[in-house]
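Novice: The following block contains a protein sequence and its predicted model.
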Amino acid sequence: MSEARKLTVRCPDCGSDLTVDAVTGEVLFHKKPKGAPAGGKDFDSLLKGIDDDKARASEVFDREFAAFQDRDRLLEEKFREALKRAEEEPDEGPPQRPFDLD
């Protein structure tokens, strides 16, 4: 295969060099970049990321659990306020229908 039918392209995601057939678009060869591990992170940083995610998830869970336990008190308080407002403002009956105004 001649060199004119081959293209060398750098992957924007992982940085590896790809040799591609210009006619078919098939990847003929790929060469990983030297230095950085795949994915751009080493094992220790990935483990630290998992620990951070666990801590964040635990904080969110604790906050939502506390809100759930406090939910009954808040609903009761809202109900009492609505009941108080309903007693202060007496009901005026059903609203007038538009065709009754004719």
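Specialist: Cool, the structure landed.
Novice: roughly how far out does the lowest-mean-pLDDT helix or strand in the chain sit from the chain middle?
Specialist: Least confident helix or strand, the chain: strand 27-31 with a mean of 84, by mean pLDDT, DSSP states H and E. Offset of strand 27-31 from its chain centre (C-alpha atoms, centre = their mean, to the nearest Å): 34 Å.
Novice: Let me know the average pLDDT across the next helix or strand after that strand.
Specialist: Toward the C-terminus, strand 27-31 is succeeded by helix 43-88 as the next helix or strand (DSSP states H and E). Mean pLDDT, helix 43-88: 91.
Novice: Let me know the secondary structure of Val9.
Specialist: strand (DSSP: H, G, I helix; E, B strand; the rest coil).
Novice: Tell me how many other residues crowd the closest residue to it other than its chain neighbours.
Specialist: Leaving aside its chain neighbours, Val9 sits nearest to Leu18 (4.8 Å; criterion: C-beta to C-beta, 6 or more residues apart in numbering). C-beta coordinates here come from the backbone N, C-alpha and C atoms, glycine included. Leu18: 15 surrounding residues under other C-beta atoms under 10 Å.
Novice: so how far is Lys41 from Leu18?
Specialist: To Lys41, Leu18 is 22 Å away according to C-beta to C-beta, to the nearest Å.
Novice: same question, Gln69
Specialist: Counting by C-beta to C-beta, the gap from Gln69 to Lys41 is 38 Å.
Novice: More neighbours: the two, which one.
Specialist: Lys41 (13 against 9).
Novice: In contact with the more buried one, which residues?
Specialist: By C-beta atoms under 8 Å, 6 or more residues apart in numbering, the contact list for Lys41 reads Gly49.
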